[in-house]
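Predicted model follows, preceded by the sequence.
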Amino acid sequence: MQIDHVAFGWDDLDPVREALDAVGLAFDYGGTHADGTTHMALTGFGDGSYLEYIAPTEGTDPDEAGFWPAALGARAGPAAWCVRVDDIVRETKRAIDAGFAVEGPIHGGRDRPDGRRVEWDQTFERVDSRNRWLVPFPIVDRTPRTWRVSETGDVVALTGIDTVVCGVEDVDDATALFDRRYRTSAPVPIETGAFTGDTAVVPGFPIAFAGADDTRIDAVGERPTAVLLGTDDMSAARAAYDLTTPVEWGDRRMAWFDHGVFRGCVGVVE
């Protein structure tokens with residue numbers, strides 16, 4: 001499983017950009033999506049993954065947004081995640097064979113600020129409405145991938161997206177769902193000060209599960225609740241960015257970006 005990107009949803013892009021400046025995480029403005037209802041900025045990493053910050057365009061109500069309107073309106077932060085595949089038709093068939101309802105392949109696009117048109121194909125998958133955005137959606141580029149994302153300048157001490165933490169009602173149910181779709185290994189419970197609920201990581205996969213509170217589940221359903229960026233040197237990461245004091249993440253250490261927009265949902269793990 002190769003993470004392509006994680007979408008971070010907010011009802012306005014300006015506060016997110018201000019928060020990024022405050023914590024020292026560089027980003028590039030990426031332009032407006034094809035339907036004109038959302039626009040985005042992104043931080044691209046050396047491993048090819050990226051964090052996408054998405055919000056409604058000026059004058060668009062979050063309910064009218066083409067991507068993840070409930071998450072944008074709720075300022076949910078992590079809203080969805082995406083994996084890179086070689087063949088979108090084959091991957092869509094795999095989802096169908098696993099018993100998932102699919103929407104796609106769907107042709108997507110975005111107009112960059114320099115006028116270049118970026119295009120891709122994607123498929124959205126679900127078993128029911130509450131887990132519609134829990135599993136990642138596959139994507140394949142039509143245009144060169146470097147048009148969609150490249151490493152953002154001034155990003156240091158970060159290797160890419162390490163772990164997507166999925167906020168779920170029941171870890172056992174989520175485990176069965178991911179095993180059905182991706183043949184994942186059994187999750188291993190970990191001790192961590194990062195989340196109040198039960199937390200488990202999936203060995204060999206960039207996935208963790210954390211018990212989400214009822215307020216979030218009722219507002220946005222089961223979906224990513226946090227994204228952890230990898231670092232080989234927590235001290236260097238703390239020198240480069242405004243981070244909270246590290247806490248245990250199993251046998252590793254993690255820290256949040258120390259800003260109200262990101263604290264509790266975007267962090268760094270060593």
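Received it, and whenever you're ready, just let me know what you need.

For the protein, identify the residue most remote from the centre.
Gly115 (25.8 Å; Cα atoms, centre = their mean).

That one belongs to a helix?
No. Counting by DSSP: H, G, I helix; E, B strand; the rest coil, one finds Gly115 to be coil, located in no helix.

how close does it get to Arg216?
Distance of Gly115 to Arg216, given as Cβ to Cβ, to the nearest Å: 39 Å. The way it works is simple: take the backbone N, C-alpha and C, and place the C-beta from them, glycine included.

what sits against the closest residue to Gly250 other than its chain neighbours?
Distances taken as Cβ to Cβ, 6 or more residues apart in numbering place Ile190 nearest to Gly250, at 3.7 Å, with adjacent residues excluded. Contact analysis of Ile190 by Cβ atoms under 8 Å, 6 or more residues apart in numbering lists 199-201, 208, 249-250.

Let's have those residues in a markdown table, adding secondary structure, pLDDT and distance to Ala74.
Shown next, in a markdown table, are these (DSSP: H, G, I helix; E, B strand; the rest coil; pLDDT from 0 to 100; distance: Cβ to Cβ, whole Å):
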| residue | secondary structure | pLDDT | distance to Ala74 |
| --- | --- | --- | --- |
| Thr199 | strand | 94 | 22 |
| Ala200 | strand | 95 | 25 |
| Val201 | strand | 96 | 26 |
| Ala208 | strand | 97 | 22 |
| Trp249 | strand | 94 | 26 |
| Gly250 | coil | 92 | 29 |
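
any idea which of those residues is closest to Val164?
Ala208 (7.4 Å; Cβ to Cβ).

so the closest one touches Gly197, yeah?
No. At 11.6 Å, Ala208 does not count as touching Gly197 under the criterion of Cβ atoms under 8 Å.

Between those two, which is the more surrounded one?
Ala208 (27 against 13; other Cβ atoms under 10 Å).

Against Arg148, how distant is the closest residue to Thr60 other than its chain neighbours?
Excluding the flanking residues, the one nearest Thr60 by Cβ to Cβ, 6+ apart is Thr37, at 4.8 Å. Relative to Arg148, Thr37 is positioned 19 Å away (Cβ to Cβ).

Among those two, which residue is more densely surrounded?
Comparing Thr37 with Arg148 by other Cβ under 10 Å, the one with more neighbours is Arg148, at 23 against 19.

Mind listing the residues bridging to the closest residue to that one other than its chain neighbours?
Sequence neighbours aside, Val118 is the residue nearest to Arg148 in space, at 4.8 Å (criterion: Cβ to Cβ, 6+ apart). For Val118, the beta-bridge partners are Arg110 (DSSP bridges).

just Thr32 next, same as before
Bridge pairing for Thr32 (DSSP bridges) gives the partners His39, Asp111.

do the same with Gly77
Here Gly77, judged by DSSP bridges, has bridge partners Gly9.

list the contacts for it?
Here Gly77 is in contact with 8-10, 225-226, 261-262, 265-266 (criterion: Cβ under 8 Å, 6+ apart).
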